[in-house]
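Undergrad: following is a predicted model, sequence given first.
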Amino acid sequence: MNTNVSKLWIYLSTTPLLWLAATLSIYWLADRIFLLSRRFPLANPVLLSAIVLGALLKFSDTRYQPYFQGAQFVHFMLGPATVALAVPLVGEVQELRRRALPVTLALIAGSLTAIMSAVGIAWAMGASTTIQASLAPKSVTTPIAMGISKAVGGIPALTAVLVILTGIIVAVIAQPWFNTLRIRDDAARGFASSLAGHGIGTARAFQAGRRAGTYAGLALALNGVLTAVLVPYLLALWLH
């Protein structure tokens, strides 16, 4: 019986739909748990999904490449989903014009803090220049971060992991932290969530409300562009 189960698993693990179905099903269950917990921060669906999928890959002795071949459709959909974030901005054009200055200042301050705090902490802990370069773009969405990392001498694969970890941490602690600081403005909460936590922070902001999600989408796009411009120059000044 065990031999038959093993053969069945070997066959199924080679089919792309298995890991796509597993990813979607696990995330759906994690999202249900998140809702049942009344959006308890540590029950974040991205965090739960990552833990369960990681354990499943570990215990099934499945390497990342076969998994990604099946689940890459989800990765592909990141592009259209990111572009779609611009749609809610249409209704906020007038307000964005009025808030142009504070948005710009917040963007610059947040982007610089995200880059230099990561690089500075890594340097203080004795990390190599390669690790520092890999950490620098951790607060922007994965495709942009990996491209920046490669261009400045980092390790794109390591950067991808750091980006995901950063997003999960932001998704878990951002809303409670805003409540502690008594920050009530949905626009500020959404913008800050995405500025620090890229796409995962943006998704969490949309769960908090449409206005928060709208400003999070704006931060996601602007921070990606600004970080791509700043990182090479900042690292050149810092490391040389």
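TA: Here it is on my side, so go on.

Undergrad: C-alpha from now on. contacts and neighbour counts both.
TA: Fine.

Undergrad: max-length helix in this structure?
TA: When the chain is parsed with DSSP state H, its longest helix is helix 210-239.

Undergrad: buried sites along that helix?
TA: 211-224, 227-228, 230-232, 234-235 (16 or more other C-alpha atoms under 10 Å).

Undergrad: could you say what helices and strands that helix packs with?
TA: helix 100-124, helix 142-151, helix 186-208 (3 or more C-alpha pairs under 8 Å, 6 or more residues apart in numbering; DSSP states H and E).

Undergrad: okay, the ones you listed in a markdown table with mean pLDDT and distance to residue 30 next?
TA: Output for these, formatted as a markdown table (pLDDT from 0 to 100; distance: least, C-alpha to C-alpha, whole Å):
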| stretch | mean pLDDT | distance to residue 30 |
| --- | --- | --- |
| helix 100-124 | 92 | 29 |
| helix 142-151 | 88 | 22 |
| helix 186-208 | 86 | 14 |
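
Undergrad: of all those helices, which one comes closest to residue 35?
TA: If you check each of the helices and strands packed on helix 210-239 against residue 35 by C-alpha to C-alpha, helix 186-208 wins as the nearest, at 10.4 Å.

Undergrad: pull the CA atoms of that closest one into CSV?
TA: Extracted in CSV, the C-alpha atoms of helix 186-208 (Å, rounded to 0.1, in the frame of the first residue of the first chain):
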residue,chain,number,x,y,z
ASP,A,186,-6.3,55.5,6.1
ALA,A,187,-4.2,57.2,3.5
ALA,A,188,-1.1,57.4,5.8
ARG,A,189,-1.6,53.8,7.0
GLY,A,190,-1.8,52.4,3.5
PHE,A,191,1.0,54.5,2.1
ALA,A,192,3.3,53.5,5.0
SER,A,193,2.4,49.8,4.8
SER,A,194,3.3,49.5,1.1
LEU,A,195,6.4,51.8,1.4
ALA,A,196,7.8,49.3,3.9
GLY,A,197,6.2,46.1,2.8
HIS,A,198,5.7,46.3,-1.0
GLY,A,199,3.0,44.0,-2.5
ILE,A,200,2.2,42.1,0.7
GLY,A,201,1.9,45.3,2.7
THR,A,202,-0.4,46.6,-0.1
ALA,A,203,-2.6,43.5,0.0
ARG,A,204,-2.9,44.0,3.8
ALA,A,205,-3.8,47.7,3.3
PHE,A,206,-6.6,46.7,0.9
GLN,A,207,-8.0,44.4,3.6
ALA,A,208,-8.1,47.4,5.9
